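Q: Coordinates for the following, if possible.
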Amino acid sequence: MCSKKMLIVKSLENLSKINWKKFRLALVERPGDRRVPLSKVEDKDIFEITDALVSTFTADTALAVTCELLESIDCFNEANELNDQIAEMFPKSSTSKTTAVAATAAGTADGTTHSKEEHFVDKHRGELTKRVREVYFILDFLRDKNVITSEIHQEISNMPGNFPSRMEKIYALAVMSDITAKDIFFESLKKFVPGLVVELEHSVVAPKWLRPIKSFDKAQKLDDEIAKPNSSAGKTTASAAAAGPAGTATHSKEKHFVDKHMPELIQRVSSIKPILDVLRSKDVIQRETYEEIFKTPENQDKMRKIYMLALKSGKAANDIFYECLKKYESHLVADLELSEQKSNHDIMLS
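A: Predicted coordinates for the structure are as follows:
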């Protein structure tokens, strides 16, 4: 009969080169009290990594951890095959039991086992990857909860590309490590994009005013439109200023959205670089101001400088800034507008 260690070896030996790299990375980044150090993974072969798994987690738990890691890198066939072999050869180490042990070893927050129902962050991965823009807040949250290291945080923060590419990286390097990481990621989503979570949980279609951008493709088209020199999206003529941004009342006597919600925007806006790029391209700020704000270390301080140095020039600048917020911080804008609607409704009822 095949030993437990050999069963792990056999489940890993047929992985492709790229999946083998993913498996090793997932193992190193796996959160929990028991961690496999990089020194036991880097440049090691299958047998050495199997030894590291068993010595770190014990043989029974190592089987479950291997299944978990295979699933985290989307090797579901290999994970299912290993689960079946565990159930057949070691009935006392059934999948449910080893998964529970693995969850305990990983430090599951509530100390309970989880059902086999597909996790929210897995079920809605496509939509979350495409629509979440509050990436930097989520990264901070994951780092503070020890789901990712400071190095991983910095790598994702500084990587080139758009928000979906960063979200994919979060999934690859953090979220897929185990059920605990998924739970913490879900907490961050409820904290920073509550409107999107409610929409996905209840399969409801948000009102039109809550959906400034339907998809990343549309957002990219808007980005391209804003970048055009003579774009109507970026014009700051007197007529545009008088009209104000769609869906927001900006009459002369009413406080502008960006002024009304200044404290929340300073604290919660994370997509500052693309906003700065648009403000610079529309001549709302000059190059020196752009560089000064860009070099400011903290996001909140960057936002304060945007208010002090850019948005004091008048309503046209506020309108452009608001359009940027609708594009890059759509869920934050929706959350603030929804809070405003509720507040107005409560006042009417009182």
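Q: which one is Ile170 nearest to, not counting chain neighbours?
A: Nearest-residue entry for Ile170: Ile156, 6.3 Å, with adjacent residues in sequence omitted and distances by Cβ to Cβ, 6 or more residues apart in numbering. No exception for glycine: its C-beta is placed from N, CA and C like everyone else's.
Q: what does Cys2 give?
A: In space, Cys2 comes closest to Met89 once its chain neighbours are excluded; the distance is 6.4 Å by Cβ to Cβ, 6+ apart.
Q: So the one you found is in contact with Lys10, correct?
A: No - between Met89 and Lys10 there is no contact under Cβ atoms under 8 Å: 11.2 Å.
Q: Count the neighbours of Leu7 for me.
A: The number of residues packed near Leu7 is 21, by other Cβ atoms under 10 Å.
Q: Return the residues in contact with it.
A: When the contact criterion is Cβ atoms under 8 Å, 6 or more residues apart in numbering, the partners of Leu7 are 63, 82, 85-86, 89.
Q: again, only this time at 7 Å
A: Residues counted as contacts of Leu7 (Cβ atoms under 7 Å, 6 or more residues apart in numbering) are 63, 85, 89.
Q: Kindly report the same for Tyr328.
A: Going by Cβ under 7 Å, 6+ apart, Tyr328 touches 133, 271, 274-275.
Q: could those residues go into TSV alongside distance to Ser281?
A: Compiled in TSV, those are given as follows (distance: Cβ to Cβ, whole Å):
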residue	distance to Ser281
Arg133	19
Ser271	15
Pro274	11
Ile275	11
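Q: May I ask which of those residues has the most neighbours?
A: Arg133 (28 neighbours).
Q: isn't that residue right next to Phe163, touching?
A: Yes - shown here, Arg133 and Phe163 form a contact pair, counting by Cβ atoms under 7 Å, at 5.2 Å.
Q: who wins for neighbours among the contacts of Leu7?
A: Comparing the contacts of Leu7 by number of neighbours (other Cβ under 10 Å), Leu63 comes first, having 29 neighbours.
Q: my guess is that residue meets Met89, correct?
A: No - applying Cβ under 7 Å, one finds Leu63 not in contact with Met89, separated by 10.0 Å.
Q: As JSON lines, the contacts of Leu7 with distance to Leu142, pLDDT and secondary structure would be great.
A: What follows is these, written out as JSON lines (distance: Cβ to Cβ, whole Å; pLDDT from 0 to 100; DSSP: H, G, I helix; E, B strand; the rest coil):
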{"residue": "Leu63", "distance to Leu142": "27", "pLDDT": "84", "secondary structure": "helix"}
{"residue": "Gln85", "distance to Leu142": "33", "pLDDT": "82", "secondary structure": "helix"}
{"residue": "Met89", "distance to Leu142": "37", "pLDDT": "80", "secondary structure": "helix"}
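Q: Nearest to Val36 among those?
A: Top of the list for closeness to Val36, among those and by Cβ to Cβ, is Leu63 at 14.9 Å.
Q: where exactly do the helices run in the stretch 201-350 of the chain?
A: With DSSP state H, counting those that start in this stretch as the definition, the stretch 201-350 of the chain shows helices at residue ranges 216-227, 238-243, 257-260, 262-268, 272-281, 287-295, 299-309, 315-328, 330-349.
Q: This completes my enquiry, with thanks.
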